[in-house]
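Chemist: no letters, just coordinates:
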């Protein structure tokens, strides 16, 4: 009994103690203990017997399953134990007189001393014993009698008496599963298994806390401390102890339907389950009722087992050949019914290799969809299943590369070794080229561009002149790889003109060539239209991986300020909202989206795009992984510009990016992010050093286009503020010339702003006015806010406060929308310093987003009115006032009315 109290049955024990107390006081009680198989009914009956014995009761315990199928068998056994002599009722012909005599014998014994009769599995009793129990249940005061009977939820084969008469007279004690908090104690006491909190939660999820199912699940882990993953693996398709308790005695239709529901899983609609079980719908519905009565299925639709472990038990009991056939038939049923392809693929994976041509497409589609949902391991399992099929060399190579793209995110080095082995084993030239390109791409992402070039050169030499098209493709990949390496590696690649001249007329490599041409056009910075044209061609191939041009194509569109178009292409492989990435091209797509947000000045949007993956990627930065480096750098810059410099610095130093960096192109992002952080933390000297280091690296790569990185204008503004006007003017003027050649308003406006800051007086004001006008035509809201801020400051210094005030208010609203808190603080301070005499206190920019009703309520709250008083003045309910206040607080970014005076000035008539 001790384990029951230690395993979450305290409420049941308390009720049993109350039953004992009432019976001892002369109030006879019948307790009917119900619950699904394995829930512990027998243990509770035994617990009641022990409590009764401790209280001085005479106790008679029997199990109806073990009694002979003869009249009054239960009475015979009970009275034999109470009287220490058999009653021999079974030897007499059953009659009402015998029934009354047997009842009276128990009652007489109960008048002399308290009696507890405990019968387990009472639903299996024959009718005369049930009538005897029914008569005993009708005993009246002052008999000191307890009847404890256990039965399943819905009775059994004993006739209607138990379901009607006994059930009506009895006090019901319905057992449910043990609470999750009690599972660790249960596992230790009954199974000698140690469960931590996570493992206990998985046990509860799989079994609902059913003690019998828990023992079955933990039977393989006696004396151990299994992890949650090991417990889920145990619950896979295998034969578990106790299966017969649940499945024994099922009719063929019910067993067939149970198998169908287990195989179909979440796709178990009644019609499809009936078809899989080869039943009519009418017969299937009858079988459903039987399975519900037996507590296998939950009493609801769509069909589902009461506990997930029951589905595993059913599948584990199916012979392996029959099971494979059922999964294949389920796949065909779902396919023909136009169900989701993921469900079809799940059945095919479970069926194993089948050698069927039609299985390739659903498995590949499902793998891509699962990867987008963040379920990379499930996606990889689909592709591994597909590789066990008989595939052609090209299809097999493509599937292996898709699998490598998934596994590379989890274990890049292992995937490198696997791809290298596959490359060396391949004989078909196209397969060799596919594996080599995938391997080179992965090595490049891992920060090993020189190794990638060596692999490409080796494969090209191996293929030789007889495979000219494939060799050309490898040379093209080499050119793409070299772009990310140091300057000496860039110079080792084939010239773009040569690759264009020798290019084949069609094929995927044409898209990759277009990506290279787009990237080269961006670097040259003299033909924006050509860069956009090549980028669109690179993105037109329909592929969704970096190798198909997504990265270079979208990057070119972003630098050409074609942001909407770039965003649309990124969405081709966009993850389901909020899930972490499972492939490197997911990381690339999120990086591109973050870059678009950064160009638009949406710093919060950039940080939000990067947040789900930064923690995972930080560990890979030290290994030199390119995308990890770029993601962390982008997050550092966004956080620094938002004013969260502590987080930015922690990221930078934690990844070792505050040290000397390798001379690779991806280092540019880190230098830019570091400079932004140094500037925000008051260290302009270090910021200028990093800007100049970025400039030297770009010069080595022969890149002058300021749309790649406006390092000269950023350095020029800092130098100008430090009094080094000549050097600042030289840098800013050179950038303006290059920006005009590229031609986007963003690049030109940023450079014009920098040039203006090298001048003084009216000339600075004129140049800043031009820069503001240029930036206003661009998507660069953050840069526009900075230019307006500087223009307002210049106007104030020139003694033109009203014009300065107008510019600063506009700058403040824009900076606020960008989440650029340091810039907001600077503009606010400047605005307060120059507010002209008699002007209204300028409004908080977020007030512009409030509704008129919200603004009225906020003003009254600021003036000290209570919510009830505001409701009375505006003729609304108090709940309406509370609703508008909470919404307005959220928009303003404040926590309550105590902060209203800070954001709502004394006069707000001009806000709207």
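Modeler: Nice, thanks for sending it over. Values in this document were obtained by computation on a predicted structure and should not be read as measured data.
Chemist: which regions of the stretch 501-650 of the chain sit below the pLDDT cut-off?
Modeler: Confidence mapping of the stretch 501-650 of the chain against pLDDT under 70 gives the ranges 505-509, 541-548, 574-580.
Chemist: residue boundaries of the helices in it?
Modeler: 508-524, 528-538, 550-559, 563-570, 584-600, 603-621, 626-642, 645-654 (DSSP state H, counting those that start in this stretch).
Chemist: so which of those helices comes closest to residue 681?
Modeler: Of all those, helix 645-654 sits nearest to residue 681, with 5.4 Å by CB to CB. C-beta here means a position set from N, CA and C on the backbone, and glycine is covered the same way.
Chemist: which is the next helix or strand following the closest one?
Modeler: For helix 645-654, the succeeding helix or strand toward the C-terminus, using DSSP states H and E, is helix 667-680.
Chemist: can you list contacts of that next one?
Modeler: Outside helix 667-680, the residues within contact range by CB atoms under 8 Å, 6 or more residues apart in numbering are 629-630, 633-634, 636-637, 640-641, 643, 645, 648-649, 652, 657-658, 661, 684, 686-688, 690-691, 693-694, 697-698, 708-709, 711, 714, 718, 822.
Chemist: which strands or helices does the helix or strand encompassing residue 739 pack on?
Modeler: According to DSSP H and E, residue 739 maps onto helix 725-742. Contact analysis of helix 725-742 by 3 or more CB pairs under 8 Å, 6 or more residues apart in numbering; DSSP states H and E lists helix 711-721, helix 745-756 as its packing neighbours.
Chemist: dump the helices of the stretch 501-650 of the chain to TSV, plus distance to residue 770 and mean neighbour count.
Modeler: Listed next are the helices of the stretch 501-650 of the chain as TSV, based on distance: least, CB to CB, whole Å; neighbours: other CB atoms under 10 Å:
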stretch	distance to residue 770	mean neighbour count
helix 508-524	25	23
helix 528-538	21	21
helix 550-559	22	27
helix 563-570	23	18
helix 584-600	21	23
helix 603-621	26	19
helix 626-642	25	26
helix 645-654	32	17
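Chemist: out of these, nearest to residue 483?
Modeler: With CB to CB as the criterion, residue 483 lies closest to helix 508-524 of those, at 6.4 Å.
Chemist: give me the angle between that closest one and helix 725-742.
Modeler: Taking axes from the mean of the first three to the mean of the last three CA atoms, to 10 degrees, one finds helix 508-524 and helix 725-742 inclined to each other by 140 degrees.
Chemist: report the angle between the axes of helix 508-524 and helix 528-538?
Modeler: 160 degrees.
Chemist: please begin residue numbering at 332 from this point
Modeler: Sure, I'll start numbering at 332, so the last one becomes helix 839-855.
Chemist: distance between helix 839-855 and the chain's centre?
Modeler: Taking CA atoms, centre = their mean, to the nearest Å, the mean C-alpha location of helix 839-855 is offset from the chain mean by 35 Å.
Chemist: pLDDT at residue 1011, what is it?
Modeler: Here, the pLDDT recorded for residue 1011 equals 94.
Chemist: which ones are touching the closest residue to it other than its chain neighbours?
Modeler: Nearest-residue entry for residue 1011: residue 971, 4.9 Å, with adjacent residues in sequence omitted and distances by CB to CB, 6 or more residues apart in numbering. Taking CB under 8 Å, 6+ apart, we find residue 971 in contact with 979, 1004, 1007, 1008, 1010, 1011.
Chemist: all the strands of the protein, residue numbers only.
Modeler: Secondary structure of the chain (DSSP state E): strands located at 360-365, 389-394, 446-451, 476-482, 502-505.
Chemist: for the second one, which helices and strands make contact with it?
Modeler: Taking 3+ CB pairs under 8 Å, 6+ apart as contact, the helices and strands that strand 389-394 lies on are helix 372-385, helix 404-414, strand 446-451.
Chemist: determine which stretch of those is the most buried.
Modeler: Mean neighbour count, computed with mean count of other CB atoms under 10 Å, is highest for strand 446-451 among these, reaching a mean of 26.
Chemist: got the angle between that strand and strand 389-394?
Modeler: 10 degrees.
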